[in-house]
Every structure is written in C-alpha cells, then in structure tokens.
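> turn this into a model:
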Amino acid sequence: MSNLSELKIEISSIKDIGKITGAMELVATAKLKKISKRMENIQTYLNEVYDVFNYIISHSEDSIYLKKENKPIHNTLWIVITSNLGLCGGYNSSIFKLIKPLINKKSDSVYAIGNKSIKFCNNNDLTIKGSLTDVDVDFSNEQSRQLAVNILDYYIKNEFDSIKIVYTKFINNVTFEPKILEMFPITKKLGEESSFEDVTLEPDPETLLTTSVSMYLNTILFGTIIESLVSEHASRRMAMEAATKNGRDLSDSLTKLFNRKRQENITQEISEIVGGANAQNDN
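Numbers count the residues shown, from 1 in each chain. This is a model prediction of the structure:
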C-alpha cells in the first residue's frame, strides 16, 4: 500500500504543477498578443526610418560613424538582449551559444539587457559596462532613447571601436533566430536601390548623419528589444504548452499504473481470503 500512497502523492503533485504551467501559458499568450500588436504598429515606422537613414549613409563620404578600412577593431561593446525570467525554452541559451565564442574576455564588454544576460556575464567573467532590467511589454521609447544616448556616448568618446546588438529575431510564433547587428562602425551598402533617389539632402549627408544617428540608434534598439520580447513570450508559451501536455501525459500514465497496482492488491487480498476460507473448510 505504501507504493500506492507514493503514486497518489506523485499524481497529485504533477496535476498541481500542470495547473501552474497552464496558468503561465495563458499569461504568456496574453502578453504575446499585447507585444505582437505593438510590434505590428511600429513596424512601418521602423522600416521607414531604416530606409531614410540608409539613404543618408549611402551618400555620406566621411564620418566617425562610418567604417574605415584601415582602422582596426580593438574592443567591442556587446548589447545582449535576454529575458528577466526563465522558463522560456531555448530563448536565452540560443543567444549565449551564439555569442560565447565571439566575445573577447580581455578587451570586450557587455551592456546587459535582462537579468539572464547579467547572470551569463557573471558566470563567464565578462565585463559588464551597464545593465537594464526594467524591460517588459510596456517598454517605452523614452527608455530606449536614454539607452541610445548612453551607448552613443561610449562610441563618441572612443571607449569602444565597435558596438554590436545581439537579439532574437521573430520569424513566426514557433520560430525565432538569434542575430547579431553590427551597429558601429557603419558599413555602407553599395548598389542598393532606394525610393529616395530624387531627394536632395541639405545641408549635406555628413551633417545629417551626425544629427540623426542618435535617432537611428534609438530606433534600432527599440525595434530589436520589442522583437526580442515577442520572441521571448512566444517561446515561453510554447515551453509551458509542452510542459502542460507532458505533465498531463505523465499523470495519465501514472494513473493507469496506480489503477493496475490497486487492482493487483485487490486481487491478491481476494486470493488470500479465498485461500484462508478454503483452509478453514478443509479443517
């Protein structure tokens, strides 16, 4: 009977955990809908900013923000976007697997966005230049703007030769891909067609690049953080859905085992009673 009691407790525990994972799945689904709507609303604006700024870059000849072939890269600031919480499948581990062999511990630094990014840096003895943990579905453009000002200041003061953003690109509700964006120095993309070819740049492309680069960095940071949030909640929803299903399957399997063992015990008790009765009759 002790085995039956243990099985009964285990089944009860699994069902309780299933209620928790089911609730977390519902929460993740609600947050996913909210942040997905935000991403859809800002996507057109982001694309327009990218197009305009790329046009300005293509017409700029000399700027501290443009990549120069003879200038070596000695140190890099990695802006690593992760989640604050776990239980989101391989969302964070995919980011860490991508960047771990690329970061130079001696010269590079990390601007950690999300508690998991901070933990990763501490576990791997990486230098943390700054951190941001109050990132959720209500992440605002003002937060992104302040972050962009700080990061741009590092580059202008020559604290870093290169700045890269590591985020998770959202493809669909079941597919997400870790990506690295090389922010600075900016590499000109030659030969691309533009819808702004008839636009005159005044006073000149270099001045426009200097005055608008902060807005450009802000736009990219805001877009990558929002896209990472969408990927995070989609990944968590999938993980909790799978956990709930696996828990249900395990509970069903243990329930069958419980019923089988209980039936075996009942059969054994009946056999003992019948055997005892037969022995009495023989006497």
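> counting by contacts, list what the longest helix seen in the chain packs against.
In the chain, taking DSSP state H as the definition, the longest helix is helix 205-282. Contacts defined by 3 or more CB pairs under 8 Å, 6 or more residues apart in numbering; DSSP states H and E place helix 205-282 against helix 2-58, strand 76-81, helix 91-99, helix 141-156, strand 162-172, strand 175-184. (Glycine included, C-beta is placed from N, CA and C.)
> pick out the shakiest of the ones you listed, pLDDT-wise.
Ranked by mean pLDDT, these bottom out at helix 2-58, which scores a mean of 85.
> got the angle for that one vs helix 141-156?
Relative orientation of helix 2-58 versus helix 141-156 (axes from the mean of the first three to the mean of the last three CA atoms, to 10 degrees): 60 degrees.
> which residue is the nearest non-sequential neighbour of residue 184?
Sequence neighbours aside, residue 163 is the residue nearest to residue 184 in space, at 4.5 Å (criterion: CB to CB, 6 or more residues apart in numbering).
> what's the neighbour count on the one you found?
Neighbour count of residue 163, defined by other CB atoms under 10 Å: 21.
> before we move on, back to that, most packed of the helices and strands packed on helix 205-282?
strand 76-81 (a mean of 24; mean count of other CB atoms under 10 Å).
> partner strands of it and their direction?
strand 109-113 (parallel), strand 162-172 (parallel) (DSSP bridges).
> for those strands, which one sits closest to residue 90?
Nearest to residue 90 among the strands paired with strand 76-81 is strand 162-172 (10.1 Å), distances taken as CB to CB.
> touching the closest one from outside, list them.
39, 73, 75-81, 91, 94-95, 98-99, 151, 154-155, 176-185, 220-221, 224-225, 227-228, 230-232, 234 (CB atoms under 8 Å, 6 or more residues apart in numbering).
> wait, which of the strands paired with strand 76-81 is closest to residue 4?
Using CB to CB, the strands paired with strand 76-81 put strand 162-172 closest to residue 4, at 45.9 Å.
> CA atoms of that closest one as PDB?
Taking C-alpha atoms only, strand 162-172 is exported to PDB below (Å, rounded to 0.1, in the frame of the first residue of the first chain):
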ATOM      1  CA  SER A 162      32.700  48.600 -32.300                       C
ATOM      2  CA  ILE A 163      29.200  48.200 -31.000                       C
ATOM      3  CA  LYS A 164      27.100  45.200 -31.700                       C
ATOM      4  CA  ILE A 165      23.500  44.300 -30.800                       C
ATOM      5  CA  VAL A 166      22.600  40.700 -30.000                       C
ATOM      6  CA  TYR A 167      18.900  40.000 -30.100                       C
ATOM      7  CA  THR A 168      16.300  37.300 -31.100                       C
ATOM      8  CA  LYS A 169      14.700  37.800 -34.500                       C
ATOM      9  CA  PHE A 170      11.000  36.900 -34.500                       C
ATOM     10  CA  ILE A 171      10.100  34.800 -37.600                       C
ATOM     11  CA  ASN A 172       6.700  33.300 -36.600                       C
END
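> ok now that strand, how far from the chain's centre?
For strand 162-172, the separation from the chain centroid amounts to 9 Å (computed by CA atoms, centre = their mean, to the nearest Å).
> between helix 91-99 and that strand, find me the angle.
Using the same axes, to 10 degrees: strand 162-172 against helix 91-99 is 140 degrees.
> how close does residue 172 get to residue 234?
8 Å (CB to CB, to the nearest Å).
> I should have written residue 40 there, sorry.
From residue 40 to residue 234 the distance is 14 Å (CB to CB).
> same question for residue 173.
Using CB to CB, residue 173 is found at 5 Å from residue 234.
> which of those two has more neighbours?
Neighbours were counted for residue 173 and for residue 234 using other CB under 10 Å; residue 234 has more, 27 against 15.
> touching, the more buried one and residue 176? I think so.
Yes: contact criterion CB atoms under 8 Å: residue 234 and residue 176 qualify, at 6.8 Å.
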